[in-house]
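Asker: Need coordinates for the following:
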Amino acid sequence: MNLITSEEKNDGKEIAQWNKNLVDIFCALCVKSIEAGSKPGTHFDTKGWKQLIAEFTKATGKEYSRKQLRNKWDQLKVDWKNWKQLKGNETRLGWDSAKKTIDASEEWWAKKLAVIPKAKKFRKEGIHPDFEATLDRMFQRTAATGEDAWTPSSGIVPSSIEKDTQLEDSEDSDIEPESSVINIKRKRENFTNANTYKKAKKVRGAQKLSHQIDRLCEAVERRSSNKNDTLGPSITQAIEELDAIPDIDPLGQIYMFATRLFLDKDKRELFVALKHKEVKIAWLMNEKNVQEEKENNLFTKLF
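Answerer: From the prediction side, this is the model:
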C-alpha cells in the first residue's frame, strides 16, 4: 500500500510528505492517544489533537498541522475500510510475502474487484497483518447488539458503523457540519408522528449512554489491572532510544518492526531498560524472528 503522499502548505506549515516510518509513528501515537481516552466518541477531542500534534512533532521533527494529520487519518481510514470489505468474512486467506498482499488466485481477485473496485490498489500491495492490527485499534469499535453487532474478529464493517463513520470523516468533533444539520432535519421530517420521533430519540439516547458506560468501565478495569502503567517509558521515549542506535536504518525492516513492537508496554519497557546498543539490536532481531516464526506456523496450520 502506497503511504507516501503530499499536501499543499497549510497555515504556514511545511508540506506534509509521508513515508512508512512517519506513518508508523503517527499510527502508534494515535493508538496511544485513543487508549489514554482522548477519543471519547468518534473523534479525538481538542486536547487529544493538541497532544497528538505535539508528540508527533517531538518524535519526527515534522511540524504538521492538525489538518494535515487529519487528512492522513482520513486516508488511512478509507484504505482500512476498503481492505476489510475486500477480505470479508474469509479467515483462511494467506499472505504473499513476495507480492506483499493477499495470497489468492486470479479468479478470486477478479471476482472481488468486480464487486469492490475501490480495492484495486491492494492487488499490487495490500495491508500487512501487523499494520492491519494497528489500524483495527485506531478505527474499530463495537456496535450495541443485533444484526449490526461488530467485534474485532469480524471481517466486514457493518452498515450502521459505516454510516456513522461518514459523519466522523466530514468535520472535527467541535464543529457541527452544515450538511449534517440538513440531514438531521430531513430525518426528522420523515417522522410524521411526533410521539414516534420522541420514542426513537429516547431509545438512541439510552443506547448511547449504555455504550459510554461500557467504555468507562473498560477504561477503569484497564487502569485497575495495571496501576503502574503510567510509570513506564512512553512510545516517544522508546523511539528516541531507537533513533540513538546508528546501526539501525530508519527506513529498514527492523526499525519498522520496532515501532509496532513498542505498542506493547512491557516490550518497550524492556527495550529501554537494555543498556548496550548491541544488545538492543540483537533483542529486536530475536523478537522479529519469533513473530515471523509464529506467523509461519499459523499459515502452516491453516493450509
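Asker: Show residues contacting stretch 101-108.
Answerer: 86, 87, 93, 94, 95, 96, 122, 123, 124, 125, 126 (CB atoms under 8 Å, 6 or more residues apart in numbering). Bear in mind the C-beta positions are built from the backbone N, C-alpha and C, glycine included.
Asker: nearest spatial neighbour of the fourth one, skipping sequence neighbours?
Answerer: In this structure, residue 94 finds its nearest non-sequential neighbour in residue 103, 3.8 Å apart by CB to CB, 6 or more residues apart in numbering.
Asker: Which of the contacts of stretch 101-108 fall in helices?
Answerer: Taking DSSP state H, the ones among the contacts of stretch 101-108 that sit in helices are 86, 87.
Asker: quick one on the thing from earlier: can you give me the separation between the residue nearest to residue 94 and residue 116?
Answerer: Between residue 103 and residue 116 the computed distance is 18 Å (CB to CB, to the nearest Å).
Asker: can you check residue 21 too?
Answerer: Distance of residue 21 to residue 116, computed by CB to CB: 29 Å.
Asker: Looking at those two now, which is surrounded by more residues?
Answerer: Shown here are residue 21 and residue 116; by other CB atoms under 10 Å, residue 21 has more neighbours (18 against 15).
Asker: Surely the more buried one touches residue 252?
Answerer: No - using CB atoms under 8 Å, residue 21 makes no contact with residue 252, being 9.4 Å away.
Asker: How about the contacts made by residue 51?
Answerer: With the criterion set at CB under 8 Å, 6+ apart, residue 51 makes contact with 33, 38.
Asker: A strand includes it, no?
Answerer: No - applying DSSP: H, G, I helix; E, B strand; the rest coil, one finds residue 51 to be helix, outside a strand.
Asker: Run through the chain and note the low-pLDDT ranges.
Answerer: Confidence mapping of the chain against pLDDT under 70 gives the ranges 1-13, 42, 141-231, 301-303.
Asker: the domain parsing of it - what is it?
Answerer: Following the TED database, one gets these domains for the chain: 20-140, 235-300.
Asker: Make a markdown table out of those domains and add distance to residue 14.
Answerer: Output for the domains of the chain, formatted as a markdown table (distance: least, CB to CB, whole Å):
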| stretch | distance to residue 14 |
| --- | --- |
| domain 20-140 | 6 |
| domain 235-300 | 18 |
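Asker: how deep is the nearest residue to residue 127 once chain neighbours are set aside tucked in, by neighbour count?
Answerer: Of all residues not flanking residue 127 in the chain, residue 83 sits nearest, at 4.9 Å (CB to CB, 6+ apart). Residues contacting residue 83 under the criterion other CB under 10 Å number 20.
Asker: and if you look at the one 4 residues further on?
Answerer: Using other CB under 10 Å, the number of residues around residue 87 comes to 20.
Asker: still on that earlier bit, quick check on the contacts of stretch 101-108: which are buried?
Answerer: Buried members of those, counted by 16 or more other CB atoms under 10 Å: 86, 87, 93, 122, 123, 126.
Asker: and which of the residues you listed is nearest to residue 54?
Answerer: Taking CB to CB as the measure, residue 54 lies nearest residue 126 of those, at 32.6 Å.
Asker: The closest one and residue 291, how far apart?
Answerer: Residue 126 is 18 Å from residue 291, where distance means CB to CB.
Asker: Mind jotting down where the strands sit in the stretch 1-150 of the chain?
Answerer: Using DSSP state E, counting those that start in this stretch, the strands of the stretch 1-150 of the chain run over 94-96, 101-103.
Asker: Output stretch 267-284 as PDB - backbone C-alpha positions only.
Answerer: This file holds the C-alpha atoms of stretch 267-284, laid out as PDB (Å, rounded to 0.1, in the frame of the first residue of the first chain):
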ATOM      1  CA  LYS A 267       8.200  -4.800  25.300                       C
ATOM      2  CA  ARG A 268       9.100  -1.100  25.100                       C
ATOM      3  CA  GLU A 269      10.000  -1.100  28.800                       C
ATOM      4  CA  LEU A 270      12.400  -3.900  28.300                       C
ATOM      5  CA  PHE A 271      13.900  -2.300  25.300                       C
ATOM      6  CA  VAL A 272      14.600   1.000  27.100                       C
ATOM      7  CA  ALA A 273      16.000  -1.000  30.100                       C
ATOM      8  CA  LEU A 274      18.700  -2.600  27.900                       C
ATOM      9  CA  LYS A 275      21.800  -0.600  28.300                       C
ATOM     10  CA  HIS A 276      24.000  -1.700  25.400                       C
ATOM     11  CA  LYS A 277      23.100  -0.800  21.800                       C
ATOM     12  CA  GLU A 278      24.400  -4.200  20.500                       C
ATOM     13  CA  VAL A 279      22.100  -6.000  22.900                       C
ATOM     14  CA  LYS A 280      19.100  -3.800  21.900                       C
ATOM     15  CA  ILE A 281      19.700  -4.700  18.200                       C
ATOM     16  CA  ALA A 282      20.100  -8.400  19.000                       C
ATOM     17  CA  TRP A 283      16.900  -8.400  21.100                       C
ATOM     18  CA  LEU A 284      14.900  -6.700  18.300                       C
END
